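Student: Okay, here's the prediction I keep looking at, along with the sequence it came from:
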Amino acid sequence: MTGLDLRPLSMGEILDRTFSLYRRYFVLFVGISAIPQILVLALRLAQILLLPPTYSSLSSTIWLGLVILVASLVAYLLSQGGTVLAVSELYLGRPTTIGESLRRVWNEIGSIFGVVFLNSLVIGVGLILFIVPGIYLACRLLVCVPAAMIEKRGARESLERSFDLTRDNAVRSFLILLLSVVLSWAAQMLLSAPFTLMIALNRTDFAMLRIWMACSQIGASLGSILIGPILLIATSVYYYDLRVRKEAFDLQIMLDPDSQAAPRTGPPSILS
């Protein structure tokens, strides 16, 4: 199995490579996204089934709701890390599987949780204070998960690494995020919104309400499973493009095919 050519890519080439990888390895990427999400969907459907006809006795579903919250977080982390690792293996010409990708992430679940939590905290504070700085931070921190998973960095160091790599590239990061938002919105409108409308129209018929709620959850999960990998693939391709441009990563791989770590010439500052 030969890896992809490592060279500087234009924005159009990054997107073309993203969709090419998605189409060629559709089962791999959708499988990595679907396996964790199916468990969450099953729990959500169980919650709907147990939902009482009146709101006077909701305590029976509270604990299930907490379980769903934890399961959703774990599913998100697994799909994030698993997709990034799969793209990395394909990029370097190494075979991989759904199970192998998920196992590797599971072994590092604490590390990726720290990265995602700190990343969400930084962006969230930026959005709360001012919208534009929050969006800018999201653009600069776009490749923190690949930095953590591929280079084995800690949470703070991964964010600083992303901030360093994306310097002078915030616009390109924004275009990738914008594409993700548009695709996610389109998927939700197509697969979930019609059922949400039916929920609003059947509030008095509890049996039908349950059916439409279940359909809405299935549609939302399907949209997440199909669209979620696209942003992660694009982010991973973009990460490698940044390393090729700024660190001659293509030459590093030619000299040492097993090299993944970045040169550590001193820790970058997240404020730089």
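Tutor: Here it is on my side, so go on.
Student: quick one, what contacts the residue nearest to Leu21 when sequence neighbours are not counted?
Tutor: Closest residue in space to Leu21, ignoring its immediate chain neighbours: Ile233 at 5.4 Å, by C-beta to C-beta, 6 or more residues apart in numbering. (Each C-beta comes from the backbone N, C-alpha and C, glycine too.) By C-beta atoms under 8 Å, 6 or more residues apart in numbering, Ile233 lies in contact with Thr18, Leu21, Tyr22, Phe29, Thr83, Val87.
Student: Scan those residues and report the most crowded one.
Tutor: Comparing the contacts of Ile233 by number of neighbours (other C-beta atoms under 10 Å), Val87 comes first, having 32 neighbours.
Student: Apart from its chain neighbours, what residue comes closest to that one?
Tutor: That would be Ser236: by C-beta to C-beta, 6+ apart, it lies 3.8 Å from Val87.
Student: Can you verify my assumption that that neighbour contacts Gly82?
Tutor: No. Using C-beta atoms under 8 Å, Ser236 is not in contact with Gly82; the gap is 11.3 Å.
Student: Okay, and Ser180 sits in which element?
Tutor: helix 170-191 (DSSP states H and E).
Student: for Leu226, same thing?
Tutor: Per DSSP H and E, Leu226 falls inside helix 206-247.
Student: and that helix with helix 170-191, angle?
Tutor: Helix 206-247 runs at 160 degrees relative to helix 170-191, counting by axes from the mean of the first three to the mean of the last three C-alpha atoms, to 10 degrees.
Student: now helix 206-247: mean pLDDT?
Tutor: Helix 206-247 comes out with an average pLDDT of 91.
Student: Pull out the buried positions in the strand or helix carrying Trp63.
Tutor: Assigned by DSSP H and E, Trp63 belongs to helix 59-91. Residues of helix 59-91 classed as buried: 61, 68, 71-72, 74-91 (neighbour count, 16 or more other C-beta atoms under 10 Å).
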